[in-house]
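[1] sharing a model prediction with you, sequence too.
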Amino acid sequence: MGQEITSSDSSPGNVEFRFSGMSPGEGDNSYAKNSQLQGKAVNVILPRFFEAIKSMNLTDPDQVFRIADLGCSSGPNTIRNVEAVIEQVRARYREAEVGASSGPEIQVYFQDLPSTDFNTLIKLLFSQPRCDEEKVQNYMSAAVPGSFYDRLFPKSTINIAISTFGLHWISEVPAAVRDRASPAYNGGHTHIYRSSLATIEAYAEQANKDLDNFLAARAHEIAPGGLLFLAFMIRPRGDEPYRTGLWQRGVEDVWDSLVLEGAVSEELRDGYNTPTYSRSLDEVNTQLESYSSVFETEKREVITYTIENFLSSYPDTREAARVRVTANRGTSTLALEAYIGESATRLYFQKLEDAFNEIFTREKTTRERDGTESPVMTSILVLSLRRK
């Protein structure tokens, strides 16, 4: 997803923060072992993409059908995602009775940053139990290192491109955010939940530039009639300031606690800026409009998850907090250990679990006592675009 993130300009002592992708390997803190929440969300989202496959124009079955998972990371989710899409493609060819019953040969590209642990992904790929041949036949696979904000494939060669939970990761933390002399300097914060308007605008400018680059690259690469499936976090109400809420508040409180206890210096906290931005629906729609001559928007849906939704699956608030923190472990452990050390990272996650438990407990108690509406945890925009 995005590009490698480096932050060193504004921190004394040449302190450097580098975000280099999800946590590698298959250990307790790896993305492969800590991406269950993302997997559950994708299980809800994928059927919405299948509707578009059922109506897509089929290519010649003697030609290779190419699928790309953009920002695939190194866990099992990407394998399940592409095999579910392949199953739908095979079914579409069978129903249309085009060529051989099995349809065309299929090539799958697993794409992510060069620092991605492709070795673990390939090992997982070949250790997966093969699906019934009637459902999903063998497919060719290849790893594609690079940034999905750049060109990755030759012109008009991709039939289906998928990107789930990647586009809210921006390609770089804006330079102004790291510059102590800039009004956008984000000192004292690691997210932009409590940041100045200048900081938020710097993030928004970078995020919009990135989305433009992403759509421009896919416009070249996706063949006419091909499909682009996207799912990423957003702010559904564009008239609100950037206040995504409870999680950012909890994370910021944890960093402040680490500084107060002396586990992390102020300089380290100030040099750590999370390279994520949840665009507003209006921001996304503006970008889509600029590509309306290239892509037809077939589906645009916002899926909202509340704390009540989450606690219905994990009614014990401590367990809910532990499960929620697993997602952070999979995405952040590698970068945090390199930046603040293993001991401070362990303390960070202990405190984060406590903070999330406090949030869940407070919100559950308030809702049961007052009958108030449950706060939103996450809003996900699901897009299905067809290349004209």
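    Here it is on my side, so go on.

[2] all helices of the stretch 1-150 of the chain, in order?
    36-54, 77-96, 118-127 (DSSP state H, counting those that start in this stretch).

[3] highest average neighbour count across those?
    The highest mean neighbour count among these, using mean count of other Cβ atoms under 10 Å, belongs to helix 77-96: a mean of 19. Any C-beta I mention is one placed from the backbone N, CA and C, and that applies to glycine too.

[4] now that helix against helix 118-127, angle please.
    Put simply, helix 77-96 runs at 50 degrees to helix 118-127, going by axes from the mean of the first three to the mean of the last three Cα atoms, to 10 degrees.

[5] picking up where we left off before, relative to F229, which of the helices of the stretch 1-150 of the chain is closest?
    In terms of Cβ to Cβ, the element of these nearest to F229 is helix 36-54, at 4.4 Å.

[6] quick one, the closest one and helix 77-96 angle?
    Using the same axes, to 10 degrees, helix 36-54 lies at 20 degrees relative to helix 77-96.

[7] picking up where we left off before, which of the helices of the stretch 1-150 of the chain sits closest to L70?
    That would be helix 77-96 among those, by Cβ to Cβ, at 10.0 Å.

[8] between the helices of the stretch 1-150 of the chain, which one is closest to L347.
    Nearest to L347, of all the helices of the stretch 1-150 of the chain, is helix 36-54, at 22.7 Å by Cβ to Cβ.

[9] run through who's touching that closest one.
    Residues outside helix 36-54 that contact it (Cβ atoms under 8 Å, 6 or more residues apart in numbering) are 75-77, 80-81, 84-85, 88-89, 92, 160, 162, 164-165, 227, 229, 231, 298-299, 301, 303, 305, 323-324, 326-327, 380, 382, 384, 386.

[10] what does the pLDDT read for the residue nearest to the spatial centre of the chain?
    Among the residues of the chain, the one closest to the centroid is F165, at 2.3 Å (Cα atoms, centre = their mean). In this model, F165 is scored at 91, pLDDT.

[11] which ones are touching it?
    38, 41-42, 71, 231-233.

[12] turn those residues into TSV, including distance to A181.
    Formatted as TSV, the contacts of F165 follow (distance: Cβ to Cβ, whole Å):
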residue	distance to A181
Q38	38
A41	40
V42	42
G71	34
A231	38
F232	33
M233	31
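
[13] just give me how far the host helix or strand of D282 sits from the chain centre.
    Assigned by DSSP states H and E, D282 belongs to helix 281-290. Offset of helix 281-290 from its chain centre (Cα atoms, centre = their mean, to the nearest Å): 19 Å.

[14] could you do stretch 61-68 as well?
    For stretch 61-68, the distance to the chain centre is 26 Å (Cα atoms, centre = their mean).

[15] thanks a lot, see you next time.
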